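J.: need the 3D shape of this:
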Amino acid sequence: MTSERLNSEQKRAVLAVDGPVLILAGAGAGKTKTIAERIRHLVRSGVSPSSILAITFTNKASREMRERVERGLSEDPAINRPVSMAERPFVSTFHALGVHILREQSLKAGIKRHFAIFDRDDSKRAVKEALVTLGFDPKTHEPGAVLSVISKLKGRGINVEEWSEAEQGGYFLDVVAQVWPEYERALKREDALDFDDLLLKTSNLLREDPAVRGYYQSVWRYIHIDEYQDTNRVQYDISKMLVGVGENICVVGDIDQNIYSWRGADIKNILDFEKDYPKAQVITLEENYRSTKTILEAANAVIEKNKIRRKKNLFTSNAAGEKITAIGLIDEATEAAFIASKAREFIKNGIPPDEMAVLYRANFQSRVLEEAFMSAEVPYQILGTRFFERKEVKDIISYLRAAKNPESLSDLKRIINTPARGIGKTTILKIFGGTAESLPLAMKTKIAVFRKLLSKIAEISAEKRVSETISFIIKESGLEEEWKEGGEDGAARLENTYELVNFASRYDAMPPEEGILSFLSETALQSDQDELKEERKAVRLMTVHAAKGLEFDVVFISGLEDGLFPHQRMNQSNITAEEAEEERRLFYVALTRARKKIFLSYAQVRTVFGRQQVNMPSEFIFDIPENLVEQEIIEESMGRRRPLLEIEF
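T.: Numbers count the residues shown, from 1 in each chain. Predicted coordinates:
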């Protein structure tokens with residue numbers, strides 16, 4: 001018996017447990033609930049919970065899925081026994097799945113079980129060092145751009161040895177071809193894998209070792225993959241290789257929300273699902289539980305212009321709601337001031353600030369918005385300042401990583417003189433250059449004390465709970481004492497590290513060694529959404545890409561100007577049809593974040609890279625039927641009133 005809370009199509013999805021299933025789930029259509037109910041139904045039907053795998057894309061999403069699944073199993077009277085920790089369904093991200101498999105099969109994968117995980121900052125630093133080693137100037141050869149190419153190649157399943165000369169061409173790719181091997185050597189020296197290796201090495205292991213592949217096919221007999229439209233080639237390959245003879249794979253996705261082609265997501269994976277699995281059942285979830293009828297009608301009108309999609313039409317039993325407000329303003333400062341004043345007005349009328357979001361196409365737009373919110377004294381939070389990227393947090397984590405992996409040169413470099421121990425750059429160069437014996441006795445003593453501290457941390461971490469180990473590092477490293485004397489800035493740093501202790505307590509129930517591994521893995525694999533601190537009562541400022549998966553009562557979509565949103569790349573002659581349609585999908589995602597009210601705004605003049613430019617309003621504004629839109633009228637400094645959406649070009 002499935003839950004009565006499900007609609008007819010959701011029930012179909014829950015009951016379709018045998019063989020391949022494709023669930024095309026529109027925005028706000030209750031896909032998380034559907035997957036959780038499907039897993040509960042499987043367990044009710046006698047399937048062992050431990051044979052169920054569910055993959056999502058962010059730690060935040062996997063945490064929500066795990067909590068919902070475990071709550072459903074524990075509260076179901078039909079499941080007449082408690083589900084132990086070891087028996088629970090395996091719910092994780094693709095990257096966390098890779099970590100699990102690689103640690104479990106480290107010998108067969110040819111890596112150490114305690115491998116370090118390079119986050120994006122670590123990888124950019126290593127690429128920068130590789131550029132310098134090869135004689136390139138990192139100022140003219142941006143490390144992030146080089147890393148982006150390497151990342152995309154790994155996402156396509158290509159190893160450094162396999163990148164053929166035929167695929168190379170041009171000066172920049174020639175630089176990448178030289179830097180990549182040096183970057184890989186840096187990873188190997190530090191017993192580290194980067195984010196992309198977690199997937200690529202997992203894929204290679206499953207492909208090359210039939211015994212390993214067969215083992216995991218027998219362990220996980222029912223596979224669920226959320227956001228399937230966002231999978232890249234390697235994630236697609238892993239998914240295919242985990243599917244056993246019963247082909248019990250259920251993928252959930254929305255072609256209309258495919259917005260990550262720039263980082264390797266391949267829309268063909270979901271479009272071709274029925275070619276991969278000819279016996280697949282296809283179920284479409286179109287009933288939206290989030291937004292008003294007005295918002296859904298606007299979203300449907302926008303997205304139906306795209307050709308590369310599976311037709312669906314979102315509907316809801318919610319009220320019609322307010323019209324969408326559109327407004328053009330003279331420049332970006334006026335636009336930002338308008339948005340901040342509206343947000344302040346909503347807060348005065350009782351709408352919590354964290355139920356509002358300001359979305360924009362490009363990160364540079366946040367500066368003027370931030371100034372306006374500060375000026376209006378409206379609480380705000382810019383999504384993208386990641387907790388785990390704060391210096392003090394990375395310092396503490398580096399102590400733990402260096403203690404567990406003495407070969408991690410990047411961590412040793414980071415902490416050997418943090419706090420200051422009188423170990424300067426020249427000394428550090430001698431240590432890592434293998435000439436430490438030439439150092440004075442006093443300096444050797446300082447280094448020995450530092451090494452002894454790392455040994456003690458390693459010893460504590462093997463015996464104590466994870467939170468106790470982090471507390472030990474904060475105190476014994478000397479950082480706590482330094483921050484206590486550092487005024488307000490020091491106090492803020494100390495508060496952040498105490499928050500890290502709270503985070504670490506999640507792993508205290510595990511055996512120490514397992515807890516440390518899980519802690520280090522999760523801290524390395526955090527995404528921007530994972531870092532959004534839910535307890536802060538503030539208006540969210542973020543890119544549309546970062547907003548995917550979130551929802552708010554009120555949404556402001558700013559910068560709706562031709563060349564900005566849609567982005568100017570849409571006008572390039574070499575752009576593919578898929579890429580051209582992605583901008584409209586991005587706007588569709590922005591619209592469907594809203595529950596009750598949407599504001600669309602554009603600046604008639606905007607300063608971009610130091611130059612003022614006159615803008616045409618975005619074509620997306622005109623994709624929305626006129627009967628759904630109202631024009632905002634504001635007072636101008638000249639004292640007259642007029643609708644600023646009037647377009648006279």
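
J.: what about the helices in the stretch 101-250 of the chain?
T.: Counting by DSSP state H, counting those that start in this stretch, the stretch 101-250 of the chain has these helices, from start to end: 106-109, 120-133, 143-155, 171-189, 195-208, 210-219, 233-242.

J.: quick one: which of the ones you listed is nearest residue 18?
T.: Distances from residue 18 to each of the helices of the stretch 101-250 of the chain were compared using CB to CB; the minimum, 16.1 Å, belongs to helix 210-219. The C-beta positions use only the backbone N, C-alpha and C, and glycine is treated the same way.

J.: using PDB, write down the CA coordinates of that closest one.
T.: Output of helix 210-219 as PDB, limited to C-alpha atoms (Å, rounded to 0.1, in the frame of the first residue of the first chain):
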ATOM      1  CA  PRO A 210      35.000  -7.500 -13.700                       C
ATOM      2  CA  ALA A 211      35.100  -8.900 -10.100                       C
ATOM      3  CA  VAL A 212      34.800  -5.500  -8.600                       C
ATOM      4  CA  ARG A 213      32.000  -4.500 -11.000                       C
ATOM      5  CA  GLY A 214      30.200  -7.800 -10.300                       C
ATOM      6  CA  TYR A 215      30.500  -7.300  -6.600                       C
ATOM      7  CA  TYR A 216      28.900  -3.900  -6.600                       C
ATOM      8  CA  GLN A 217      26.200  -5.000  -9.000                       C
ATOM      9  CA  SER A 218      25.300  -7.700  -6.400                       C
ATOM     10  CA  VAL A 219      25.500  -5.300  -3.500                       C
END
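
J.: so what secondary structure elements neighbour it?
T.: Contact here means 3 or more CB pairs under 8 Å, 6 or more residues apart in numbering; DSSP states H and E; on that basis helix 210-219 packs against helix 195-208, helix 233-242.

J.: kindly reformat those helices as JSON lines containing mean neighbour count.
T.: Written out in JSON lines, the entries for the helices and strands packed on helix 210-219 read as follows (neighbours: other CB atoms under 10 Å):
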{"stretch": "helix 195-208", "mean neighbour count": "22"}
{"stretch": "helix 233-242", "mean neighbour count": "21"}
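
J.: tabulate these (a markdown table), appending mean pLDDT and distance to residue 600.
T.: Converted to a markdown table, those look like this (pLDDT from 0 to 100; distance: least, CB to CB, whole Å):
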| stretch | mean pLDDT | distance to residue 600 |
| --- | --- | --- |
| helix 195-208 | 96 | 35 |
| helix 233-242 | 96 | 34 |
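
J.: redo those as JSON lines? Include distance to residue 331.
T.: What follows is the helices and strands packed on helix 210-219, written out as JSON lines (distance: least, CB to CB, whole Å):
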{"stretch": "helix 195-208", "distance to residue 331": "39"}
{"stretch": "helix 233-242", "distance to residue 331": "43"}
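
J.: which SSE is immediately downstream of the helix or strand where residue 69 lies?
T.: Element membership of residue 69, judged by DSSP states H and E, is helix 59-75. Per DSSP H and E, the first helix or strand lying C-terminal to helix 59-75 is strand 90-93.

J.: list the contacts of residue 497.
T.: 392-393, 396, 470, 474, 479-480, 483 (CB atoms under 8 Å, 6 or more residues apart in numbering).

J.: mind checking pLDDT for it?
T.: We note a pLDDT of 86 for residue 497 in this prediction.

J.: could you measure from residue 526 over to residue 341?
T.: Taking CB to CB, to the nearest Å as the measure, residue 526 falls 34 Å from residue 341.

J.: coming back round to it: so which of the helices and strands packed on helix 210-219 is nearest residue 500?
T.: Ranking the helices and strands packed on helix 210-219 by their distance to residue 500 (criterion: CB to CB) puts helix 195-208 first, at 21.0 Å.

J.: for the lengthiest helix in the chain, list every residue counted as buried.
T.: In terms of residue count, the longest helix belonging to the chain (DSSP state H) is helix 441-463. Counting neighbours by 16 or more other CB atoms under 10 Å, one finds that the buried residues in helix 441-463 are 443, 446-447, 450, 453-454, 457-458, 460-461.

J.: my guess is residue 42 meets residue 222, correct?
T.: Yes. If you go by CB atoms under 8 Å, residue 42 and residue 222 touch, sitting 5.8 Å apart.

J.: can you pull the residues that touch both of the two?
T.: With contacts taken as CB under 8 Å, 6+ apart, residue 42 and residue 222 have 17, 52 as neighbours in common.

J.: can you tell me the strand partners of the longest strand along the chain and which way each runs?
T.: With DSSP state E applied, the strand covering the greatest number of residues in the chain is identified as strand 594-608. Within its sheet, strand 594-608 is paired with strand 324-331 (parallel), strand 552-557 (parallel), strand 611-614 (antiparallel), according to DSSP bridges.

J.: can you tell me which of those strands is nearest to residue 71?
T.: strand 552-557 (24.4 Å).

J.: helix or strand right after that closest one?
T.: Towards the C-terminus, the helix or strand next in line after strand 552-557, according to DSSP H and E, is helix 577-591.

J.: now that next one: buried residues?
T.: 578, 580-591.

J.: again, but for stretch 276-295
T.: Of all the residues in stretch 276-295, those buried under the rule 16+ other CB under 10 Å are 276-277, 280-281, 283-288, 290-295.

J.: out of those, flag the one nearest to residue 427.
T.: Each of those was scored against residue 427 by CB to CB, and residue 276 proved nearest at 57.1 Å.

J.: just name the most buried of the strands paired with strand 594-608.
T.: When you average the neighbours per residue for each of these (mean count of other CB atoms under 10 Å), strand 552-557 leads with a mean of 24.

J.: pLDDT averaged over it - what is it?
T.: In the prediction, strand 552-557 has an average pLDDT of 98.

J.: now do it: everything it contacts.
T.: Contact partners of strand 552-557, identified using CB under 8 Å, 6+ apart, comprise 339, 342-343, 346, 351, 355-360, 540, 544, 565, 587, 590-591, 593-601.

J.: for residue 358, give me its contacts.
T.: Contacts for residue 358 were tallied using CB under 8 Å, 6+ apart; they are 339, 343, 369, 539-542, 555-556, 558.

J.: and those residues, which of them are in helices?
T.: Reading helices off those with DSSP H, I get 339, 343, 369.

J.: ok, of those residues, which come out buried?
T.: If we count by 16+ other CB under 10 Å, these have these buried: 339, 343, 369.
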